[in-house]
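> show me the folded form of this:
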Amino acid sequence: STIIDGNQISSPISINDSAAVIKLIGLTIRGGKDQDAMSTGSGIYISYADSLILDRMIVKNNESSQYGGGIYCRNTNYLSIGNSWIYNNNSNYNGGGVSVRDGVHYFELYNSIVSSNTAGSGPNHRDGGGLYIEYVDKAIMTNNVIAFNTSYYRPGLDYSAFEDSLLLLNNIFYSNDGYE
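Predicted coordinates for the structure are as follows:
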């Protein structure tokens, strides 16, 4: 697989203000680290995009000062993550592995593993070590393993959005560690 490495100095993939349907297939995204204390999304950053499809991706060893150590998405019509492994990512705030929030219309995660991600550190643990989903119109998660993630509250999945907007089918949540 092709490796895109941020070398601990930037986000390997950043998508801003795109009207295109973008597909990323079979990539390894690693070593992303933002250099600004107010930055978000160190591995893959998506903001104001039409559609992003991630398939057969490995997103690992990324660090964010804010939200979404591995993947951060906001104000986007459609985000699909499938057949992927998102692990060992960290954020200082919410969503160590994945943070999807603020104006995302449709989010789906399927046939994927989200593991060993951390939101916050030490006494500053936050929410959603694996996934943090906030104010998303529709979210569907099918056939995933969410395991060994760490945060203060809701270490596997922190979901805060509209009533009846989340569908979970055949997911395994295992050994996620919260401090509350």
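> what residues of the strand or helix carrying Met141 count as buried?
Using DSSP states H and E, Met141 sits within strand 131-142. Neighbour counts over strand 131-142 (16 or more other C-beta atoms under 10 Å) mark 131-134, 136, 138-139, 141 as buried. Backbone N, C-alpha and C define where each C-beta goes, glycine included.
> please tell me how far the residue most central in space within the chain sits from Tyr67.
The C-alpha lying nearest the average C-alpha coordinate of the chain belongs to Val98 (C-alpha atoms, centre = their mean; 1.2 Å). Val98 is 10 Å from Tyr67, where distance means C-beta to C-beta, to the nearest Å.
> Asn143 too?
25 Å.
> which of these two has more residues huddled nearby?
With neighbours defined as other C-beta atoms under 10 Å, Asn143 and Tyr67 compare such that Tyr67 has more, 29 against 14.
> now the more buried one: phi and psi?
Recorded main-chain torsions at Tyr67 are phi -100, psi 150, according to degrees, to the nearest 10.
> just checking, what packs against the strand holding Met141?
Under the contact criterion of 3 or more C-beta pairs under 8 Å, 6 or more residues apart in numbering; DSSP states H and E, the helices and strands touching strand 131-142 comprise strand 98-110, strand 157-160, strand 166-169.
> distance to Ile46 added to those strands, as a markdown table?
Rendered in a markdown table, the data for these read as follows (distance: least, C-beta to C-beta, whole Å):
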| stretch | distance to Ile46 |
| --- | --- |
| strand 98-110 | 9 |
| strand 157-160 | 19 |
| strand 166-169 | 20 |
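> can you flag the weakest of these by average pLDDT?
When mean pLDDT is averaged over each of the helices and strands packed on strand 131-142, strand 157-160 scores lowest at a mean of 89.
> list the helices and strands it packs on?
Of the remaining helices and strands, those touching strand 157-160 by 3+ C-beta pairs under 8 Å, 6+ apart are strand 131-142.
> list of residues touching the strand it packs on?
In this structure, residues lying in contact with strand 131-142 by C-beta atoms under 8 Å, 6 or more residues apart in numbering are 67-68, 94-95, 97-111, 114, 119, 146, 156-162, 165-171.
> angle of it against strand 98-110?
Angle, strand 131-142 to strand 98-110, by axes from the mean of the first three to the mean of the last three C-alpha atoms, to 10 degrees: 10 degrees.
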